[in-house]
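# from the sequence below, what's the structure:
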Amino acid sequence: STGGEQATTAGGVQAEWSRYAGKKDWLVEARSGLSLADERRTAWSELPGATVLVGAAPPPGVDEAAGALRTLALGGNGALGGRRRTLLWETQARLRVVPTRRFRHVLTLTADARWDALREDPGADRFGTFGYLSLADLAAGRAASFSRTLNVPTREAGVWNGFLALGDRWRVRDALRVEYGVRLEGTHFATTPAANPALARSLGVRTDVAPNGFGLSPRFGFTWTRKERGNSMWGSPLGTYAFSSSHVVRGGIGEFRSFLGPDLVTSALARTGLGTGEQRLLCVGDAVPTAAPGDWAAWSAGRALPA
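Reported below is the predicted structural model:
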């Protein structure tokens, strides 16, 4: 069977704290959280997989040329095996000026630090996959191709993300509010792929780099509210209600970027072109190992898989 099972265990904890400072016109807030997740995938059968190319007959009354080729999947599925563990820790502090009647500005200073870590044991194609061009080839054990992942190293990566932001919400007048500010962001990967000197000499490409860097992003927005004169009336069995209608227009411009995750470099960690990286075997023609009907029973009984 090509199916399998997946089990996920997750948990987390979070704490928050806040208090007023000064003459109670400064609000200090802080929060910190930690979450963990563990995902396991297990294939039902530790057997090679197989794909078979078959022709699908067209519906009755339709030209035979409308028939199409379909691919059937059978056997095992090594890609389902594997384990993925993640850890996320984030702490944020905020200082905010509480406005008064005379003070039309709300100043906010925010600082944030976040650590993302990942450890992954991917399943890949650990048991191999045969490719057949027809059902007759499957019955005769004549595979046209065979592929298998021979080495799948464990991938571990971690990344720091953080930002420092200063913003102001200005109440120009009752109908118009303007928000503007600037945000300094940074990203640093604690893990980088190994260097491949041969690739650097031949193509001038480095493999031991990660997308670290800083960025400064300004932002501006506004909210304009227009209230209609007079009141609208609405009646119901419970009574008659009067309410004022208004129109709201919002707009803004800015540069926004998301936090980068550790999975951005995990694939590169295993695919540096070095002998310790991921290795994949692909056979075609006479190099394809035999896969007679009796071989599947032997593999199920524990015989070594083709390599």
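# where in the protein is pLDDT low?
The chain contains residues with pLDDT under 70 at 1-2, 56-67, 99-102, 228-245, 292-294, 296-307.
# pull the CA atoms of stretch 145-162 into CSV?
Output in CSV follows, covering the C-alpha atoms of stretch 145-162 (Å, rounded to 0.1, in the frame of the first residue of the first chain):
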residue,chain,number,x,y,z
SER,A,145,13.5,3.0,-14.8
PHE,A,146,14.5,2.7,-11.2
SER,A,147,15.3,5.6,-8.7
ARG,A,148,16.3,5.6,-5.1
THR,A,149,17.7,8.0,-2.6
LEU,A,150,20.8,6.4,-1.0
ASN,A,151,21.8,9.0,1.6
VAL,A,152,19.4,11.4,3.3
PRO,A,153,21.3,13.4,6.0
THR,A,154,19.5,14.9,8.9
ARG,A,155,18.9,18.6,8.4
GLU,A,156,19.2,21.0,11.3
ALA,A,157,18.9,24.7,11.1
GLY,A,158,18.1,27.7,13.2
VAL,A,159,17.5,31.4,12.5
TRP,A,160,17.2,34.6,14.5
ASN,A,161,14.6,37.3,13.4
GLY,A,162,14.2,40.6,15.1
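# buried residues in it?
The neighbour-count check on stretch 145-162 (16 or more other CB atoms under 10 Å) flags 145-149, 152, 155-162 as buried. C-beta coordinates here come from the backbone N, C-alpha and C atoms, glycine included.
# in strands only, show me these.
145-149, 155-162 (DSSP state E).
# among those, which one sits closest to R114?
Among those, N161 lies closest to R114 (CB to CB), at 4.5 Å.
# did I read that right, V265 in a strand?
No - applying DSSP: H, G, I helix; E, B strand; the rest coil, one finds V265 to be helix, outside a strand.
# against A190, how distant is it?
Distance of V265 to A190, given as CB to CB, to the nearest Å: 10 Å.
# follow-up on the earlier one: which of the ones in strands among the buried residues of stretch 145-162 lies closest to G76?
R148 (11.6 Å).
# wait, isn't the closest one in contact with T129?
Yes - using CB atoms under 8 Å, R148 makes contact with T129 at a distance of 7.2 Å.
# between the two, which contacts overlap?
The contact sets of R148 and T129 overlap at P48 (CB atoms under 8 Å, 6 or more residues apart in numbering).
# how about the strands in the stretch 151-300 of the chain?
155-173, 176-189, 213-227, 232-236, 239-243, 246-254, 279-284 (DSSP state E, counting those that start in this stretch).
# what residues of the third one count as buried?
This points to strand 213-227. Buried residues in strand 213-227 (16+ other CB under 10 Å): 219, 223.
# got the contact list for it?
167, 175-187, 244-257.
# and those residues, which of them are buried?
Here, 16+ other CB under 10 Å leaves 167, 177-181, 183, 185, 187 buried among the contacts of strand 213-227.
# please name the nearest non-neighbouring residue to A165.
R183 (4.0 Å; CB to CB, 6 or more residues apart in numbering).
# show me what the one you found bridges to in the sheet.
For R183, the beta-bridge partners under DSSP bridges are A165, S217.
# can you tell me how far T8 is from A190?
From T8 to A190 the distance is 25 Å (CB to CB).
# more neighbours: which of the two?
A190 (15 against 10; other CB atoms under 10 Å).
# correct me, but the more buried one touches N161?
No - using CB under 8 Å, A190 is not in contact with N161, being 11.5 Å away.
# now stretch 89-106: buried residues?
Under 16+ other CB under 10 Å, the buried positions of stretch 89-106 are 90-92, 94-97, 106.
# quick one: residues contacting S35.
10-13, 87-88.
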